[in-house]
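Engineer: need coordinates for the following:
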Amino acid sequence: MDKERMRVEQIPSKDNQPQTKSILKPLPEISIPDRDVNYVSIVDIGTSANAYTYWKKLSYLWVDPNLNTVTNIHRMGGVLDEGEDSGDLAYDISKDGGQSWVNMNEIYISQGNPDEWQFAPVRYPQGGIFNPLGNSDPDDAFVTYFSPCVYSGWFPPWTYVHGVSEVGDTANSTYSFVFPDDRFFQNIPLGYDITSDGKVFVIDENKDLTGDEPDYRDSLIITKGIWDEVLQDFAYIREMLEALVDSSCGKPFDT
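Structural biologist: Okay, here's the model as predicted:
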């Protein structure tokens, strides 16, 4: 049955007194789609060590529309990497807008073992695609990552590790460490972005977790990466940004 709606029109009479006239018009029919049709396709991508690899609002999935390329960054592990180190880092990539994928491209290997000083498995990695100016080939772009790692201990403050990997040649990968100190209490960065002109910005709460209670130190850690054409890598600088909060808050709600 057609549904109808009512519109009220004012029509003046001879004695200039308005009269009410009802005009009924049918509404257009609305087609309801077949609910049995699958409008979403599930695509298998890589696996990782555990659910905590994906945490809160971090930047794991990255899309570069100019290259029609999508990446997903994560720790190694899971059914596609059984028995290997979950502190290693990999990414999955699609160069056709997400239709087909090449998974588990390893770009960082946890250095050493738990009995050695250089042991540095990653935790909560974030990353994206850096596309050099004028490039149109996904293979000549770089996946760039930024992650805390347990180089300096199993619990925060953690060391940061960052690097890049050329899409067309994952053997061309880099890594560098940024260590905590008495001023910079590094945890899990809660913000990560790459600008259109090739700068990386990472934001972290400067929060001391070594005591009985978390101690937010009224500042944020801003780590800025600038692409170095000679190094073919990002060079990072780290600075403090004062960010006071009301004493009832304890820390910023959304860095």
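Engineer: and the closest residue to residue 45 other than its chain neighbours, which of the three is it?
Structural biologist: With Cβ to Cβ, 6 or more residues apart in numbering as the criterion, residue 45 has its nearest non-adjacent residue at 4.3 Å, and that residue is residue 92. Placement of C-beta: from N, CA and C, glycine included. Under DSSP: H, G, I helix; E, B strand; the rest coil, residue 92 falls in the strand class.
Engineer: surely residue 92 and residue 104 touch.
Structural biologist: Yes - applying Cβ atoms under 8 Å, one finds residue 92 in contact with residue 104, separated by 6.9 Å.
Engineer: common neighbours of those two, please.
Structural biologist: Contact with both residue 92 and residue 104 is made by residues residue 46, according to Cβ atoms under 8 Å, 6 or more residues apart in numbering.
Engineer: what about residue 207, which helix or strand?
Structural biologist: Using DSSP states H and E, residue 207 maps to strand 199-208.
Engineer: who touches that strand?
Structural biologist: 126, 130, 144, 146, 156-157, 160, 183-195, 214-227, 234, 236, 240, 251-252, 255.
Engineer: what about it, average pLDDT?
Structural biologist: Strand 199-208 shows a mean pLDDT of 96 in the predicted model.
Engineer: name every strand pairing with it and say which way it goes.
Structural biologist: Strand 199-208 has the following sheet partners, assigned by DSSP bridges: strand 191-194 (antiparallel), strand 215-228 (antiparallel).
Engineer: ok, back up a step: please list only the buried members of the contacts of strand 199-208.
Structural biologist: 126, 130, 144, 146, 156-157, 160, 184-192, 194, 216-217, 219-223, 225, 227, 234, 236 (16 or more other Cβ atoms under 10 Å).
Engineer: for the spatially most central residue of the chain, which residues are in contact?
Structural biologist: Residue closest to the average C-alpha location in the chain (Cα atoms, centre = their mean): residue 59, at 0.7 Å. Each residue near residue 59 by Cβ under 8 Å, 6+ apart is listed here: 126, 127, 128, 192, 193.
Engineer: got JSON lines for those residues, with distance to residue 134 and pLDDT too?
Structural biologist: Output for those, formatted as JSON lines (distance: Cβ to Cβ, whole Å; pLDDT from 0 to 100):
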{"residue": "126", "distance to residue 134": "26", "pLDDT": "94"}
{"residue": "127", "distance to residue 134": "22", "pLDDT": "95"}
{"residue": "128", "distance to residue 134": "19", "pLDDT": "96"}
{"residue": "192", "distance to residue 134": "24", "pLDDT": "94"}
{"residue": "193", "distance to residue 134": "21", "pLDDT": "95"}
